[in-house]
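Undergrad: One predicted model, sequence on top.
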Amino acid sequence: GLVLFGAAAILVVLVNLVLWRSATSQANNVLIEGQEIKLRREADDKLRADQELRADEARKAEELRLRAKDEDRIRKAHEAVVERLKQIQTSKLKALTAAAPSIRALKSLQARLEVGMTKAEFSTALGDTWVVVRAFLETPEKNLWPELTRDVSEPMKSYAEAQDVWADAIKYSMDLPYLAEHGQTYRSKLQSLIHQASDNIAKLNATVSTIRN
């Protein structure tokens, strides 16, 4: 009886030991699985964080690239404007330098007319002035500033027409009936053309001032 009792007790101990080991093994498995799940979650979180970090870095790099591109475009545009302003300034200087003798000649003729000139003196002075003006009109610089070239040419046209009117008046000076009828017309037209030339020179002065500024 004692032997059977002892064997039963040993059996119970063995069963409990097996059950404890099984329970311990299951607990260990659950713990290991829990740790594995935690590690996988941590790995996923780290991977997601790394991906977000790389995406953020890529976005910032793209923003920097676009900003640098914009800055480069702005810099180039600014340089182009500066270069264009330099070219305009150079054109102004060249045009004014080339036209300066013509402008002085026209003003000199205007001043002499204001004092008084004979037809012969006017013709000679006009011829001298035309030589200077034509020299400018035959230079490449005449194309640098079209307004200046136009305003240099206009007084010469008025003076040349005035010379023709004056010549016609002298041609008919011996025809007293004709002169009596048309003399006032010639004088009015001659005065009008000389005033027109003076107005053109005033416009020329304004153009020169605008270019200098």
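TA: Great, that's in hand. What you are looking at is a predicted structure, and each value in this text was computed from that prediction instead of being measured.
Undergrad: what ranges do the helices span in this protein?
TA: In the chain, the helices defined using DSSP state H lie at 2-115, 119-137, 146-171, 176-212.
Undergrad: Now render these as TSV, adding mean pLDDT and mean neighbour count.
TA: Just so you know, the C-beta spots here come from the backbone N, C-alpha and C atoms, and that holds for glycine as well. Below are those laid out as TSV (pLDDT from 0 to 100; neighbours: other Cβ atoms under 10 Å):
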stretch	mean pLDDT	mean neighbour count
helix 2-115	81	11
helix 119-137	95	15
helix 146-171	92	18
helix 176-212	84	15
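Undergrad: give the contact list for Glu121.
TA: Arg112 (Cβ atoms under 8 Å, 6 or more residues apart in numbering).
Undergrad: What of Ala135?
TA: Listed by Cβ under 8 Å, 6+ apart, the contact partners of Ala135 are Pro101, Ser102.
Undergrad: Pull the contacting residues for the nearest residue to Thr97 once chain neighbours are set aside.
TA: Excluding its sequence neighbours, the residue lying closest to Thr97 (Cβ to Cβ, 6 or more residues apart in numbering) is Glu141, at 7.6 Å. When contacts are counted by Cβ under 8 Å, 6+ apart, Glu141 touches Lys94, Ala95, Thr97, Ala98, Ala99.
Undergrad: so how far is Ala167 from the residue nearest to Glu147 when sequence neighbours are not counted?
TA: The shortest distance from Glu147 to any non-neighbouring residue, by Cβ to Cβ, 6+ apart, is to Thr207 (5.5 Å). According to Cβ to Cβ, to the nearest Å, Thr207 and Ala167 sit 30 Å apart.
Undergrad: cool, and Arg150?
TA: Arg150 sits at a distance of 26 Å from Ala167 (criterion: Cβ to Cβ).
Undergrad: ok, now Tyr159?
TA: As judged by Cβ to Cβ, Tyr159 and Ala167 stand 13 Å apart.
Undergrad: again, but for Trp145
TA: For Trp145, the distance to Ala167 - Cβ to Cβ - is 33 Å.
Undergrad: Thr139 now?
TA: 30 Å.
Undergrad: do Asp50 as well
TA: Going from Asp50 to Ala167 by Cβ to Cβ gives 98 Å.
Undergrad: ok, now Pro101?
TA: As judged by Cβ to Cβ, Pro101 and Ala167 stand 27 Å apart.
Undergrad: How about Lys107?
TA: In this view, Lys107 and Ala167 are 24 Å apart by Cβ to Cβ.
Undergrad: cool, Lys189 as well?
TA: 12 Å.
Undergrad: roughly how far apart are the most centrally placed residue in the chain and Arg150?
TA: By Cα atoms, centre = their mean, the chain has its centre lying nearest to Val81, at 4.2 Å. Separation of Val81 from Arg150 (Cβ to Cβ): 27 Å.
Undergrad: With Leu204 instead?
TA: 9 Å.
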